[in-house]
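[1] What would the 3D arrangement of this be:
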Amino acid sequence: MLKTPAILLATWMAFSAIKNGRPALAAPLSSNSASLPLTVATAADTPHLSALAKMPVREITVFKDGHAFVLHEGAMPVDGTGNVLLDYLPVPVIGTFWPYSANTNVKLRGVVASPRRLIVDRTALNIRELLEANIGAEVVITDYNNTKYAAQILAVPARSSTELDATGPAPTVNPADASSVPVTTGQTLPQPGNIILLKAADGVRVLPVERIQDVTFKNTPKAQLGNEEFRNLLTLQLDWGRQKPQRTTPVGMVYLQKGMRWIPGYRVTLDGKGRAVVKLQATLLNELTDLEDVTANLVIGVPSFAFKDTLDPISLQQTMARLSSYFEQDARTAYGFSNAVMTQSARAGEYSVADSTTPARNLGPEVADTNHNEDLFIFTLKHVTLKKGERMVVPVAEYQLPYKDVYTLDLPIAPPADIYRNLNSNQQSELARLLSAPKVMHKVRLTDKSNQPLTTAPALIERDGRLLGQGMLTYTAVGSDTDLEITAALDIITTKTETETKRTPDAVKWQGDAYARVDLVGKIHLCSYKNEPLDVEVTRQLMGEIDSADHGGTISKLNVLDDNATSRPGGYPAWWNWYSSGNAWWEHLNGIGSITWKVHLEPKKEVDLGYTYHYFWR
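    Model (predicted):
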């Protein structure tokens, strides 16, 4: 087995664990090989499309943000110059394209990406193309004045690409005709004429092709015509030393490219006794390249690709190909299942099928194992076959996790009146929703006792064969807990009342402004009409200074300089950053605090949670 080179190991160390079990990459370009002359094919060498090969994908590592780390490797045919010519040009992120020779006796001298002329066979669709495809054929021609005569097709003259390259500068390529070819290629395509040479009984006739009305072939004509056209090709230049080039040689390449992602989804089945069956499945979206019987690694984690928006020049493209909306940064799935993971990094500690006629269609992907590499967790699928443009749903993992029912009540702060006139209609609607009649929410608190973390994904919740709802399962490290919201607990009635008990004018002066002190007493009333006792976690946010809380309520104050306070449970209210003043008068003397209770409710028993607080008003 070949040893992985240090340069690739250093660049892609996060992937080292998943490369075990397959031949690693050969050594990079050495100082000795760099001194060898590099060559680029000339216009005299025009290969046929059928002589080119497409290197198969052996392994692919898929991230949730739409990037994929692709490994191609295989025994490729060698051309007459000892090089490997590939009809596939990736569009990698800059700095991630690494080709190699997997033959220890053959060194890779360099890789050239260039628009090259190729002979491509296409079906003839008109008289001119049929005539060009059948040079030497015996025909009966009907010309423009309905005169018929027998003839042999001698030629359809054209200026060859070699002639044009030698006699004049390269013309500009119309981007509408070849969008992937640079504006100036340095090469030209043959220039077709509009005449045909026919050998008739009275001599060689020369006439414009458009004057031929009808052609009768004495034998079945050839249906395909080979024409030159530009293709972006990849040439792997090999150094064979003193040995004779073989017909085939193993080569490969790895690169990072956007075009394939996986979307996780969970199905959580509750047994009502504290055990939950959690199933993870993956939806694979392939807009990259055809995959046939490959190993796919699905990554949980937040990778860092510093230059993900910069294309490598080897791609010969200046802009990325347009992908479906599932790969856009502002797509709902992209935000919900990728960015949402990133916003939880501080909280959770996460740093981070083929054509129907082919037998490969029946290859079912199998989950081989899971690996933990640095801050990334990897699920490995074997035997994945997925054509470009196809989608696949595949089961990935199943866990038995403990859970307990949790009921929570969150009571946010109402903003000062000054804020309302600065809000748009959408913000006002959202604020009305947040401050509407409070409801106790029923959640399940799952404890991850498996060997892998739970990733951010939608979760379908069931019990006793019935659907309870759908929620968002957030990233959960191994051994930690996460709450999955089910629905509102309508059997638990709750009300909140607050009464002003005292108002002291001019209680405080600050920078020449007088502030009144307002004292209030509040009460949160709870009553459960469920048949079994339960515990409720109550959180009340307040602006000002909290003086007291009964029933063992825990009082906490937020750090007003903490920018992340809005993203934490019990932190700043959602509307806090909508008001852009930053110097609002009500922030001068009033802080933000919260009270948290853990209350045990017996059936049909009432509980009143009391508290007092004050704030300063100008």
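[2] make it CA atoms for all contacts and neighbour counts henceforth
    Will do.
[3] Is residue 437 in a helix, a strand, or coil?
    The three-state label given to residue 437 by DSSP: H, G, I helix; E, B strand; the rest coil is coil.
[4] how close does the closest residue in space to it that isn't next to it in sequence get to residue 522?
    Of all residues not flanking residue 437 in the chain, residue 495 sits nearest, at 7.9 Å (CA to CA, 6 or more residues apart in numbering). As judged by CA to CA, to the nearest Å, residue 495 and residue 522 stand 11 Å apart.
[5] ok, these two, which is more surrounded?
    Comparing residue 495 with residue 522 by neighbour count (other CA atoms under 10 Å), the higher total belongs to residue 522, at 17 against 13.
[6] which ones are touching that one?
    496, 497, 498, 499, 610, 611, 612 (CA atoms under 8 Å, 6 or more residues apart in numbering).
[7] Start from the N-terminal end of this protein and give the helices.
    6-11, 31-34, 127-133, 161-167, 332-334, 340-343, 345-348, 417-420, 425-434, 586-589 (DSSP state H).
[8] Could I get the average pLDDT for the third one?
    Mean pLDDT, helix 127-133: 89.
[9] helices or strands next to that helix in the packing?
    Applying 3 or more CA pairs under 8 Å, 6 or more residues apart in numbering; DSSP states H and E, we find helix 127-133 packed against strand 224-239.
[10] Check the longest one too.
    If you count contacts as 3+ CA pairs under 8 Å, 6+ apart, helix 425-434 packs onto no helix or strand.
[11] Can you give the distance of that helix from its chain's centre?
    32 Å (CA atoms, centre = their mean, to the nearest Å).
[12] Just the CA atoms of it, as CSV, please.
    Output of helix 425-434 as CSV, limited to C-alpha atoms (Å, rounded to 0.1, in the frame of the first residue of the first chain):
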residue,chain,number,x,y,z
SER,A,425,-45.4,45.6,10.3
ASN,A,426,-43.6,42.3,10.3
GLN,A,427,-41.9,43.0,13.6
GLN,A,428,-45.1,44.2,15.2
SER,A,429,-46.8,41.0,14.1
GLU,A,430,-44.0,38.9,15.5
LEU,A,431,-44.1,40.9,18.8
ALA,A,432,-47.8,40.3,19.1
ARG,A,433,-47.2,36.6,18.7
LEU,A,434,-44.5,36.5,21.3
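[13] ok so, going back, between the helices of the chain, which gets the lowest average pLDDT?
    Minimum mean pLDDT among those: helix 345-348, a mean of 30.
[14] Please name the bridge partners of the closest residue to residue 552 other than its chain neighbours.
    Excluding its sequence neighbours, the residue lying closest to residue 552 (CA to CA, 6+ apart) is residue 597, at 6.8 Å. Per DSSP bridges, the residues bridged to residue 597 are residue 538.
[15] For residue 597, give me its contacts.
    Here residue 597 is in contact with 536, 537, 538, 539, 551, 552, 553, 554 (CA under 8 Å, 6+ apart).
[16] distance of the residue nearest to residue 437 from residue 601?
    Distance from residue 495 to residue 601, by CA to CA: 15 Å.
[17] got the domain boundaries for this structure?
    117-228, 491-618 (automatic domain parsing).
[18] Would you mind telling me which of these is nearest residue 388?
    Among those, the nearest to residue 388 by CA to CA is domain 117-228 (18.8 Å).
[19] end-to-end on that closest one?
    With CA to CA, one end of domain 117-228 sits 6 Å from the other.
[20] which one of the domains of the chain lies closest to residue 267?
    domain 491-618 (25.2 Å).
[21] Taking the centroid of the chain, which residue is nearest it?
    residue 66 (1.1 Å; CA atoms, centre = their mean).
[22] What sits closest to it if chain neighbours are left out?
    Nearest to residue 66 is residue 261, by CA to CA, 6+ apart, at 4.1 Å.
[23] For the one you found, grab the count of nearby residues.
    Counted with other CA under 10 Å, residue 261 comes out at 26.
[24] got a list of what it touches?
    Residue 261 sits in contact with 62, 63, 64, 65, 66, 67, 68, 284, 285, 286, 327, where contact means CA under 8 Å, 6+ apart.
[25] go on, residue 69?
    60, 61, 62, 254, 255, 256, 257.
[26] Now do it, the pLDDT please.
    95.
[27] Show me which of the contacts of residue 69 are buried.
    For the contacts of residue 69, a neighbour count by 16 or more other CA atoms under 10 Å gives the buried set as 60, 61, 62, 254, 255, 256, 257.
[28] can you pull up the bridge partners for residue 267?
    Beta-bridge partners, per DSSP bridges, of residue 267: residue 279, residue 460.
[29] my read: it touches residue 282, true?
    No: counting by CA atoms under 8 Å, residue 267 stays clear of residue 282, with 11.5 Å between them.
[30] got any ranges where this protein has weak pLDDT?
    1-45, 48-52, 168-186, 317-375, 417-421, 434, 560-584 (pLDDT under 70).
[31] What residue in it is the furthest from its centre?
    Distance-from-mean max, the chain, by CA atoms, centre = their mean: residue 202 at 68.6 Å.
[32] Pull up the gap between that residue and residue 151, please.
    Distance from residue 202 to residue 151, by CA to CA: 10 Å.
[33] Over to residue 537?
    96 Å.
[34] out of these two, which sits in the busier spot?
    residue 151 (21 against 16).
[35] Touching, that one and residue 196? I think so.
    No: counting by CA under 8 Å, residue 196 is not a contact partner of residue 151; they are 11.6 Å apart.
[36] Of the contacts of residue 261, which is the nearest to residue 388?
    residue 286 (5.3 Å).
[37] Could you measure from the closest one over to residue 190?
    Residue 286 is 37 Å from residue 190, by CA to CA.
[38] out of these two, which sits in the busier spot?
    Higher neighbour count among residue 286 and residue 190: residue 286, with 22 against 16, using other CA under 10 Å.
[39] Wait, that one touches residue 385, no?
    No: in this structure residue 286 lies outside contact range of residue 385 using CA under 8 Å: 10.5 Å.
[40] returning to that earlier point: among the contacts of residue 597, the buried ones, what's the PyMOL command?
    The following PyMOL line selects those of those that are buried, judged by 16+ other CA under 10 Å:
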select buried, resi 536+537+538+539+553
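[41] who's in contact with residue 197?
    153, 154, 155, 156, 157, 204, 205, 206, 207.
[42] What of residue 262?
    62, 63, 64, 66, 282, 283, 284, 285, 298.
[43] and the longest strand seen in the chain with helix 425-434, angle?
    Scanning the chain for the longest strand, with DSSP state E as the assignment, gives strand 391-411. The directions of strand 391-411 and helix 425-434 differ by 70 degrees, with axes from the mean of the first three to the mean of the last three CA atoms, to 10 degrees as the criterion.
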